[in-house]
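> Let me see the structure of the following:
(chains A, B, C and D)
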There are 4 protein chains.
Amino acid sequence: VKTDRTEFFSDAVFAIAITLLILEIRVPDHGPLAPALLRLWPSYVAYAISFLVVGAIWLNHHLMFTKFAKVDGSLMIFNLMMLMAVAFLPFPTAVLAEALHRGEDQNIAAALYGGTLTVGGIFVNLTWHHAVRSGLLVGGLTDDDIRRISRHYLVGPIVYALAALLGFFIPVFALIAYAFLNLFYLWPLRRHGAPPASESDAERDAPEGP
Amino acid sequence: VKTDRTEFFSDAVFAIAITLLILEIRVPDHGPLAPALLRLWPSYVAYAISFLVVGAIWLNHHLMFTKFAKVDGSLMIFNLMMLMAVAFLPFPTAVLAEALHRGEDQNIAAALYGGTLTVGGIFVNLTWHHAVRSGLLVGGLTDDDIRRISRHYLVGPIVYALAALLGFFIPVFALIAYAFLNLFYLWPLRRHGAPPASESDAERDAPEGP
Amino acid sequence: VKTDRTEFFSDAVFAIAITLLILEIRVPDHGPLAPALLRLWPSYVAYAISFLVVGAIWLNHHLMFTKFAKVDGSLMIFNLMMLMAVAFLPFPTAVLAEALHRGEDQNIAAALYGGTLTVGGIFVNLTWHHAVRSGLLVGGLTDDDIRRISRHYLVGPIVYALAALLGFFIPVFALIAYAFLNLFYLWPLRRHGAPPASESDAERDAPEGP
Amino acid sequence: VKTDRTEFFSDAVFAIAITLLILEIRVPDHGPLAPALLRLWPSYVAYAISFLVVGAIWLNHHLMFTKFAKVDGSLMIFNLMMLMAVAFLPFPTAVLAEALHRGEDQNIAAALYGGTLTVGGIFVNLTWHHAVRSGLLVGGLTDDDIRRISRHYLVGPIVYALAALLGFFIPVFALIAYAFLNLFYLWPLRRHGAPPASESDAERDAPEGP
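A predicted model of the protein is given here:
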């Protein structure tokens, strides 16, 4: 089965979720504008982190699908569950902004945010492992390649879960961890120059993400 | 006529409707965060059910279109009416969450939800039957195949309508029925391994859905 | 220049505008649910009319582009102005629903709605006439074909403008006119069986729309 | 690496951002409708300017990508940062409409609006210069072409930044500048007749935008 429509549907969900983030930033409707805009800084921080999180997941989703020769029903379901977590993200993003704004309950907001990403990361891993076990990969990947890619994906949910836990005690730690993970998952793209865009030129060294 | 643009437009509507669901969950804006987030459980349940409902309809829509060699104007109109029901779903989803949250009128909310899905399911069936009657199917489908697929599609609106009716008396029954139907329509994908993605490898045994 | 990306961008705007319509229907948040849902009937009517309006414009946009061999910069700008009117439609739709709900100012709401469609229809005509004058059409269209299609497109803005004007005095007349125009622009699809989806099988008799 | 999926993802973000603009216009919910609709003129102005701004960026993004033979990871990241500014635009648009409506703080709103476009324009330039430096361009572009295109792109962030600064003192100046830039970036499309849509017919004289 070709991967086209699943990739298209996933791309559309990523693009919509990333663009809906802005709707959670409310326009100040009373009082002087300048201080009101400045008081919204938590919303800007939350917007930027979530935009990059979704962008990084999109880029790495893109990379993962270049390793798939075909998809099957289970893979589509795991992919759908991952998308459910991504499409949910505008909510914890807004909760996080609200908590930072109010200066209370940041730990709970950071944990909710990290928990959502952890669930998404788990389904990314389930998608990948299902593809490995069910022979859905393109040819030319050695066992070493697969082990290395598997390790790379595993970093996501583990660090997200740890950040969510520790963030429960020191909220700012979680935010730094989420920003760091973004760099981790975007960096390889820089280092390797270019992600593979088609099966034929799939770059066997490209790490993959969250 | 090729099916490409109709599929693209439908996919986009599915992707947008599934992603807009999150906008109906309002961020708690006063009081302690933890209990406020917990009180939102009906919204999470409604979000998850609707996400899977739309996901299942998308997957089965995808399967159905692999059986179409071409589309005609009537089919595009039936398809448009089906999309109208899908795009309407965020509203009954939010009504259901509100009713569960308030603990009253769940029966009416469950009936509205089921009614919307019933209407969608009826147009799925009209789309399919129009394609059968008008010779729009790909070659290689026996009368037995068509009868089996027709039966499979018919399950959707009938069970949705029954659930809406019974849910009017026992609301929780309706929710269980909607969850069960999701499993019913997602399960074949697992069992058969992979849905056919192109006419050439259309898998003649793949049941199709709601 | 190929028409692909302009069609894709337009399709996406149509799909998003049609799906955003639901966001204008607010969930009732107090009082018994059943009468509250019934009181929302103007929102359902406005949703259905606008969904079919956008659906009809999409279908006919699709048909028009099958007549284009290529696009140029001016055509893209006219097309962009048409999309601006389509993307604006959720606002007059919500205004119309609110006016019907309150039972006052329906004439102004109906005129705003019709005015938006009139502007959209004018840009549809400008797009078409620019393509005719600038030699962007596919081969095989006779002068008679072009005259007939031009007439067909002209119906849209003229009837919309008349409906907006008359609707200023008898609001319900405008609503009936918008519903009638939907049938007018969707009907050919039924009559002709199938719209042409590619230049090669462009059906020379297919009327085109608003 | 092929440019397809990056273009698709970008197109989807443009299409969603441009369509979400309408959600920032609130339906008047009390008082006579006609004056209430007239009082919303700042929202209509802001909607139209932003729609054309995003449309012009989309058209020019489209043109830029026709000059790219492939993309690499850094380019995808610069492109993602540009999209972050575009997807942010509904917020300064709504702030601008609110400030015009209240008749105060227009200077701050105009500066926020221009600042967002300046950031977007900077990333457009970074994307282009990265492509030039890293040999991602299609063949056939002379050094003169590249210098001319680079100059053309540079106009955007410089004029946006100047408009934001001057708009801090004379708000209306900023609005006129944004409208003028739209014409500047849409005009070449008219003058040159048609933007190139594929590498093979890339029109070497087509200026490119913001």
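
> make it CA atoms for all contacts and neighbour counts henceforth
Will do.

> low-confidence ranges in chain A?
For chain A, applying pLDDT under 70 flags the ranges A:1-2, A:187-210.

> Taking the centroid of it, which residue is nearest it?
Centroid-nearest residue in chain A: A:Ile57, 3.6 Å away (criterion: C-alpha atoms, centre = their mean).

> The helix or strand hosting that one near chain D at all?
Taking DSSP states H and E as the definition, A:Ile57 sits inside helix A:41-66. Yes. Using C-alpha under 8 Å from any C-alpha of the partner chain, helix A:41-66 comes into contact with chain D via A:48, A:51, A:55.

> Could you export those residues to CSV, including columns for neighbour count?
Formatted as CSV, the residues of helix A:41-66 next to chain D follow (neighbours: other C-alpha atoms under 10 Å in any protein chain shown):
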residue, neighbour count
A:Ala48, 19
A:Phe51, 26
A:Gly55, 24
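
> Next, count neighbours for the nearest residue to A:Leu154 once chain neighbours are set aside.
If the residues on either side of it in the chain are set aside, A:Leu154 comes closest to A:Asn125, at 6.7 Å by C-alpha to C-alpha, 6 or more residues apart in numbering or on different chains. Neighbour count of A:Asn125, defined by other C-alpha atoms under 10 Å in any protein chain shown: 24.

> packing partners for the helix or strand containing A:Asn125?
Assigned by DSSP H and E, A:Asn125 falls within helix A:106-133. Here helix A:106-133 touches helix A:73-88, helix A:90-102, helix A:143-167, helix A:171-191, helix B:33-39, going by 3 or more C-alpha pairs under 8 Å, 6 or more residues apart in numbering or on different chains; DSSP states H and E.

> can we see that at 7 Å?
helix A:73-88, helix A:90-102, helix A:143-167, helix A:171-191 (3 or more C-alpha pairs under 7 Å, 6 or more residues apart in numbering or on different chains; DSSP states H and E).

> Taking helix A:41-66 as reference, get the angle to the second one.
So that's helix A:90-102. 150 degrees (axes from the mean of the first three to the mean of the last three C-alpha atoms, to 10 degrees).

> in helix A:90-102, what counts as buried?
For helix A:90-102, burial by neighbour count (16 or more other C-alpha atoms under 10 Å in any protein chain shown) applies to A:90-100.

> go on, stretch A:162-179?
Within stretch A:162-179, the residues that count as buried by 16+ other C-alpha under 10 Å are A:162-169, A:171-175, A:177-178.

> backbone phi and psi for the residue of chain A found nearest chain B, please?
Nearest residue of chain A to chain B (C-alpha to the nearest C-alpha) works out as A:Asp72 at 3.8 Å. A:Asp72 adopts backbone torsions of phi -130, psi -180, taken as degrees, to the nearest 10.

> State the number of residues packed around it.
A:Asp72, neighbours per other C-alpha under 10 Å, totals 22.

> how far away is it from chain D?
22 Å (C-alpha to the nearest C-alpha, to the nearest Å).

> now A:His30
Distance of A:His30 to chain D, computed by C-alpha to the nearest C-alpha: 9 Å.

> Check A:Val138 too.
Applying C-alpha to the nearest C-alpha, the value for A:Val138 to chain D is 17 Å.

> Excluding chain neighbours, what is closest to that residue?
Here the residue nearest A:Val138, using C-alpha to C-alpha, 6+ apart, is A:Ala69, at 4.6 Å.

> tell me the contacts of that neighbour?
Residues in contact with A:Ala69 (C-alpha atoms under 7 Å, 6 or more residues apart in numbering or on different chains) are A:136-138.

> Among those, which are located in strands?
Assignment to strands by DSSP state E places none of the contacts of A:Ala69 there.

> quick one: is stretch A:34-44 near chain B?
No. Judged by C-alpha under 7 Å from any C-alpha of the partner chain, stretch A:34-44 stays clear of chain B, getting no closer than 12.9 Å.

> buried sites along that stretch?
For stretch A:34-44, by 16+ other C-alpha under 10 Å, it's A:37, A:40, A:42-44.

> My guess is A:Ala177 contacts A:Leu162. True?
No. Using C-alpha atoms under 7 Å as the test, A:Ala177 is too far from A:Leu162 to be in contact (9.1 Å).

> Would you mind naming what in chain A lies close to chain B?
A:1-2, A:9, A:12-13, A:16-17, A:71-74, A:80, A:84, A:87-88, A:91, A:94-95, A:105, A:108.

> how does it look with 6 Å?
Proximity of chain A to chain B, by C-alpha under 6 Å from any C-alpha of the partner chain, involves residues A:1, A:13, A:72-74, A:87-88, A:95.

> Nearest to chain D among the residues you listed?
Minimum distance to chain D across those is 9.7 Å, recorded for A:Val13 (C-alpha to the nearest C-alpha).

> what distance separates the helix or strand the closest one falls within from the middle of the whole chain?
A:Val13 is part of helix A:4-20 when elements are defined by DSSP H and E. How far helix A:4-20 lies from its chain's middle: 13 Å, per C-alpha atoms, centre = their mean, to the nearest Å.

> That helix near chain C anywhere?
No. Helix A:4-20 stays clear of chain C (C-alpha under 6 Å from any C-alpha), getting no nearer than 9.5 Å.

> What's the separation between A:Phe169 and chain C?
Distance, A:Phe169 to chain C, by C-alpha to the nearest C-alpha: 36 Å.
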